[in-house]
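>>> After the sequence you'll find the predicted model.
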Amino acid sequence: MTEHSAKEADFGFRRVPLDEKQGLVDDVFHSVARRYDIMNDLMSAGLHRAWKNALVTAVNPPKSDRDFRLLDVAGGTGDIGFRVVESGGAGTHATILDINPEMLAVGRERAEKRGLDHLVSFVDGNAEALPLPDRTFDAYTIAFGIRNVPRIDAALREAYRVLRPGGHFLCLEFSSVDVPALESLYDFYSFNVIPTLGRMVAGDADSYRYLVESIRRFPKPQAFAEMIRAAGFSRVSFTPMTGGIVALHSGWRL
C-alpha cells in the first residue's frame, strides 16, 4: 500500500482523504437520524428486526440480577440496547455510544418514553477512541455501524480493550450474498429501489446511495474475521443469514 492510499478511505464507491471520511459519514446520519427506523426497513425490507433478534440472542444477558454490562457502539437510537435490557434481568445495563448527537437525542427520547432511562446510559464518543475504561463490559455490540468507521482496525482494538476477560464481541453487518439467484435481484433492489425510496420517503437519495455502496466496499466475511483475530480476539466465527445478505460476527476476549 502506498503512502497516498494509506491516507485514503472508501466513502461508498469514492476514495476520500481518511481524515475527511468521519465528517462525511456524520453528514449522512445527521440527514437520516429522525428516519433511522424507516432507513433500516428500506435497507433490509424489514428483515433487520429478525437479524437484531439473533444478535440479542447471542448476547444472552442473564435473566437474574447478576451484573451484566453491554456496550452498544454506533447504537444511538437505542434499538439494540433496549432489546438487550428488556431481554435481561435486573442487573443488565446498556451503555449506548454514538458519535452523532442527533442519533443520541432520538435514543434518549425513546428511552424515556419506554421507561428504560434507568437501565441505559448514552455516551457521545468515537468507536476508534472509546472514552471508557479498560475491561469494563461483558459484551460489545455494533449493528450495521462498523462499515462506517474510517479505521476499522482501531475500532476493533478498542472493543478488545474495553471488554472484560471472557467478554463477547458481536458485530452484525451487511455482507456478501452467497446465493447466485439472489445476487442480481439484491443488486437491483440495492442500487435502484433503495435510493428511489430514500428520495421519496426521506427526501434524500444520496445518503441511501452511500449506504448501499458502503456495503459493497466492506470486507468479505472471512477477511473481516481475520481483522477481528488481529485485534486479539479468540474463537472468532461468523454466521451468514438470509443468503449472506448479513453476517453475525463473533469473537471472545479470553
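In hand now; what should we look at? Owing to the predicted nature of the structure, the values given are computational and were not obtained by experimental measurement.
>>> how about low-confidence regions in the stretch 151-254 of the chain?
For the stretch 151-254 of the chain, residues meeting the criterion pLDDT under 70 lie at 202.
>>> May I ask which helix or strand encompasses Lys63?
Secondary structure from DSSP states H and E places Lys63 outside every helix and strand.
>>> Setting the sequence-adjacent residues aside, check what's closest to it.
Nearest residue to Lys63, sequence neighbours excluded (CB to CB, 6 or more residues apart in numbering): Gly89, at 4.6 Å. Glycine gets a C-beta too; all of them are placed from N, C-alpha and C.
>>> Confirm for me that the one you found is in contact with Asn60.
No: using CB atoms under 8 Å, Gly89 is not in contact with Asn60; the gap is 11.7 Å.
>>> Next up, the contacts around Pro101.
Asp124 (CB atoms under 8 Å, 6 or more residues apart in numbering).
>>> same question, Asp19
Listed by CB under 8 Å, 6+ apart, the contact partners of Asp19 are 7, 150.
>>> Quick check: it is in a helix.
Yes: assigned with DSSP: H, G, I helix; E, B strand; the rest coil, Asp19 falls within a helix.
>>> still on that earlier bit, specify the local secondary structure of the residue nearest to Lys63.
Going by three-state DSSP, the secondary structure assigned to Gly89 is coil.
>>> give me the beta-bridge partners of Ala9?
Beta-bridge partners of Ala9, counted by DSSP bridges, are Val16.
>>> Can you report how many residues neighbour it?
22 (other CB atoms under 10 Å).
>>> What of Asn53?
Residue neighbour count, defined by other CB under 10 Å, stands at 12 for Asn53.
>>> do the same with Leu197
Neighbourhood size, Leu197 [other CB under 10 Å]: 18.
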